[in-house]
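K.L.:
how would this look folded up:
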Amino acid sequence: MTPGNSWDERISAFLSSPSQFLSCTTSESFLSELLDELRDEKANDHKKVLLLSALMEHPTVLCPTTSAGEGTAQELISILTFTPQKSISLKCHIMLAVTNVLICTSCLASRTKVAEDYLDFLFKTIQDTNDNTGGLALQPLRATACDSLREMESCNPGLLSQKLEALYYLKQQETTILHQSYCTLYTQSLKNAIRLLTQEKDVDTSKLRSVLSGNEGFAWKTTGLPLSMLPFNMMTQIPQLSTMLDCKELKSILSLLLEESYLMTPISQALLLRGLIEIVAMVPAISPSIFKSQLLRLFGTAEVELMHATLLMKGTFTDSLFTAEDEHFLLKRLVGMAQHPLLRIPEKLFYMDCILHFPENRPISSSGEECLPVLVTPRLTLSLIPTVFNDSATMLCRLNLLCLVHLEADEEEEGKGLAYLFDHLMALLKIVDNQGSREMVVTSFRAIFIFLIHFNYMEKFSEKLVNSLCNLYSRHCCLAPHLINLADRIQECLEDSLWSVQLLKALQKCIVEMPPLQLTLQDLRWHLKILGRVAQESQIVQRNTICLLLNVLINSNLCERKNWQVGNAILAVCRNLLQHPTLNQMFIELADLLQHMTKHYEDTDIQDHARFYYTLLTNLSWEKLAGVLAKGPEGGQAKVRSLSAIVAENDGVTSCLTVHQTDGCVLQLMKIHEPGSQHATTGADTLETVDKKDLFEVYQEQFKTPGFASEITLRDRKAPQVILKLKPYQPYPTSLRLSAIFTTEDGLSWHTQLPDVKVSFPEIFLPIPSPQGASHEFKEEVFDLIWNATSSGDPDSSATSLFCFKTESDKLADLIKNNFEGYQIAESQDQNIWKVLFFLPPRCHVLLKIRQAEDAVQVSIAMDNWELLPHVNSYLQNITAHCNIA
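P.N.:
Residues are numbered from 1 along each chain as shown. Next up is the predicted model:
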């Protein structure tokens, strides 16, 4: 292991992806290193706990066989033996790791020697009740031993079934906080022992008593019988003992456990109650009324765990334990807790879910799906009405609950309740209309989906929703993906509903009738998504869609703009139209559209696809077109041999359709300096005619012109020439990470990673953006105006500075010529002053006044962005480094 490759990094890498980590080593080698490090006395406890996490999370990866697990467990037990008594936390983690390895590698099920020894060790550990021998410091070891035994009993039911009397005695003896650990261990063992008895024949009272009084070894023979969880459902038969058994002793044990449950934490109480519920369900001779004394306490509990146990009890025993009054009170309690202001959101959602899955005494449906209890009425759930102030999860859950409530309500209550719910949807849409957050947008569409799932058959609401959504879309076209998703999900859930078709048809009408001034390029992209989805519906006439697209192409400069994304979106609509059942009715219009794109769309790829679709349209029947263009299931491959009608299927076609990865870099962008051609392109041709006092305002106004500014050009060094134009958003040096996809002469497509391109600070410099052929006087006027504005401008943004260096007069002239020739504004020979202006896109300036003084050269600096000062200073230091004289 290299010094830089610490155990922290190795364990983290292993836990995140064991298979990837072990591709560089073997599980045996890594396990050996891990165990060696655990044996190292110099390693601290924290590090060893980290190492054990690998065995806790992925024991079967490191120990793929039973023999490997046995050896690893033996090593860990040896490490546990030699671990100092003061390292209690480490010893507990080692015990858990041994338990995990023995269970997961089947060492426990195979009754290996190490499993037997470890079980004896655990049982001996828990026999030190009340810390009489080891003292209080070893109490965590006993707690871990109890948890380990309970886990082993859960994974190998019946393992402790012959030690019930010993476990009961230990539970009675324990008076510390660990009493609940002993209780849950005993309850788990008792439940599994009873469950095993239900699988035997001719079980009498003596057999039951012998199990309860068992104090022998571990029951290894029962571990081969897997026991599944009991099916708590009225429609499923629960395995039971005979009703003729004398169960007084068992009943006494259960009553005592219930009395002791008051002393436990909520989680331990819930675990105990679940075990006792299963036991009583399997022993019909014991009446469920044994729980009656606990109901009042459980009904009033604020603990989620105990409420869940109460509902489990309700679903198991129904009217044999719960009266109709109890049922009604419990429902009212759930409704109250579902909107309690002191509870957290997840807890409220839990209580609402409990209402939707409430186990009734006499349920109408037994499918297990969401079904509202009969006792839940609009009046009872009045406090759960959703509002726009609820969080998203609570609002949607309440809406779903109230929809179910009013679905079953009478007409008078239904009308009022539904009107409120619909008004709630309209309020959500108004929030979306007023620039609501993305979360609110998603929540609103989910709320509409929930409402429609229940009430799509009510035309007065469904039609209003369609109109509202269309009006909303006309103002916010970016909602197109949400509308498409809503239509898709409604179609999936309600196959017979026509609401999705009505929505898409209304959206098509909205787009087609939209004023031309609203058809901006950005909105057009969203419209094309909608129209592409509309084109998939056989019940919607598509001629208006085609006419709109053709008019847009003819009456705009869209074809000349060479926008591949828009062209591809139009072709996606055409592709769906080619599969439309009414293709014959719009044949001429679609052919005109494709032919226009073939001739006029100035993008070669779009032209080729349009020509291809035109060929298909004019040469194939609709049936063959549908077969050729058919897609496979979402996320799967295209329909098998769907391209066979166009090209022969062979390995060459597959290779051409694949983008290959180059082994190394085959392209490289080189920076080429062309000072003569590097100038800003602006729309400032009228600047020279402006009055001098307004010149600076007009000069600044040009920066607001859309499309203004300046691009830095990089070219590929080889033919064919590739030009990369960069438009900086900030005037700072940077580094670009590039990749390229290209096609070779043999028709194969390749992907290559290019070396990073570093853009230095001088490479951002551009001359002053001025009209072509502007005079030096004009440029000097602009320079002076910017200098004055910067020097007296906002100190939070602009800055001035002075840079000095020593050099000879002849070298100064060479320096200015070599570095500032393209940016020099004016030169005063008699005063030895030079003015230089750098324009840094998108709209920053750096101005230099270079003056030859007697003792040094002074460079006065002014800039309208003070953050550029360090870069300017470094640049001047670099270009003057060779000029400095001692």
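K.L.:
so who does the closest residue to residue 443 other than its chain neighbours touch?
P.N.:
Excluding its sequence neighbours, the residue lying closest to residue 443 (C-beta to C-beta, 6 or more residues apart in numbering) is residue 392, at 4.3 Å. For glycine as for every other residue, the C-beta is placed from the backbone atoms N, C-alpha and C. Applying C-beta atoms under 8 Å, 6 or more residues apart in numbering to residue 392 gives the contacts 439, 440, 442, 443, 446.
K.L.:
Adding pLDDT and neighbour count, write those residues out as a markdown table.
P.N.:
Shown next, in a markdown table, are the contacts of residue 392 (pLDDT from 0 to 100; neighbours: other C-beta atoms under 10 Å):
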| residue | pLDDT | neighbour count |
| --- | --- | --- |
| 439 | 93 | 10 |
| 440 | 94 | 17 |
| 442 | 95 | 15 |
| 443 | 95 | 23 |
| 446 | 96 | 19 |
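K.L.:
Return the subset of these lying in helices.
P.N.:
Among the contacts of residue 392, the residues falling in helices (DSSP state H) are 439, 440, 442, 443, 446.
K.L.:
is it true that the last one touches residue 397?
P.N.:
No. Under the criterion of C-beta atoms under 8 Å, residue 446 lies out of contact with residue 397, with a separation of 10.7 Å.
K.L.:
Give me the contacts around the longest helix that the chain contains.
P.N.:
As assigned by DSSP H, the longest helix anywhere in the chain is helix 411-433. Here helix 411-433 makes contact (C-beta under 8 Å, 6+ apart) with 377-378, 385-388, 399, 402-403, 405-407, 409, 440-441, 443-444, 447-448, 451, 455, 458, 461, 464-465, 468-469, 472, 475-476, 479.
K.L.:
Please apply the same query to stretch 600-615.
P.N.:
Here stretch 600-615 makes contact (C-beta under 8 Å, 6+ apart) with 553, 559-564, 567-568, 571, 574-575, 578, 591, 594-595, 597-598.
K.L.:
now swap in stretch 439-459 and tell me
P.N.:
Residues outside stretch 439-459 that contact it (C-beta under 8 Å, 6+ apart): 392, 395-396, 399-400, 403-404, 407, 418, 421-422, 424-425, 428-429, 431-432, 436, 461-462, 465, 469, 479, 482-483, 485-486, 489-490, 493-494, 497, 499.
K.L.:
now it: how far from the chain's centre is it?
P.N.:
23 Å (C-alpha atoms, centre = their mean, to the nearest Å).
K.L.:
And the helices in the stretch 201-350 of the chain, which stretches?
P.N.:
Per DSSP state H, counting those that start in this stretch, the stretch 201-350 of the chain carries helices over the ranges 205-212, 248-260, 266-282, 292-299, 304-317, 324-338, 345-356.
K.L.:
Then the stretch 651-800 of the chain?
P.N.:
Listed in chain order, the helices found in the stretch 651-800 of the chain under DSSP H, counting those that start in this stretch are 651-656, 692-701, 776-791.
K.L.:
if we can go back for a sec, which of the ones in helices among the contacts of residue 392 sits closest to residue 246?
P.N.:
Closest to residue 246 out of the ones in helices among the contacts of residue 392 is residue 446 (57.6 Å), distances taken as C-beta to C-beta.
K.L.:
What does the closest residue to residue 125 other than its chain neighbours show for phi and psi?
P.N.:
In space, and not counting its chain neighbours, residue 125 is closest to residue 145: 4.1 Å by C-beta to C-beta, 6+ apart. Per-residue torsions, residue 145: phi -60, psi -40 (degrees, to the nearest 10).
K.L.:
Chain neighbours aside, what residue packs nearest to residue 527?
P.N.:
Leaving aside its sequence neighbours, residue 527 sits nearest to residue 511 (C-beta to C-beta, 6+ apart; 4.9 Å).
K.L.:
Kindly give the local confidence score, pLDDT, for the one you found.
P.N.:
If you check residue 511, the pLDDT there is 93.
K.L.:
Now do residue 492, the pLDDT please.
P.N.:
On pLDDT, residue 492 comes in at 91.
K.L.:
In this structure residue 371 contacts residue 355, no?
P.N.:
No. With contact defined as C-beta under 8 Å, residue 371 does not count as touching residue 355 (10.7 Å).
K.L.:
returning to what we had before: quick one, which of the contacts of stretch 600-615 are buried?
P.N.:
With neighbours counted using 16 or more other C-beta atoms under 10 Å, the contacts of stretch 600-615 contain these buried positions: 553, 559, 563, 567, 571, 574, 575, 578, 594, 597, 598.
K.L.:
distance of the third one from residue 509?
P.N.:
According to C-beta to C-beta, to the nearest Å, residue 563 and residue 509 sit 26 Å apart.
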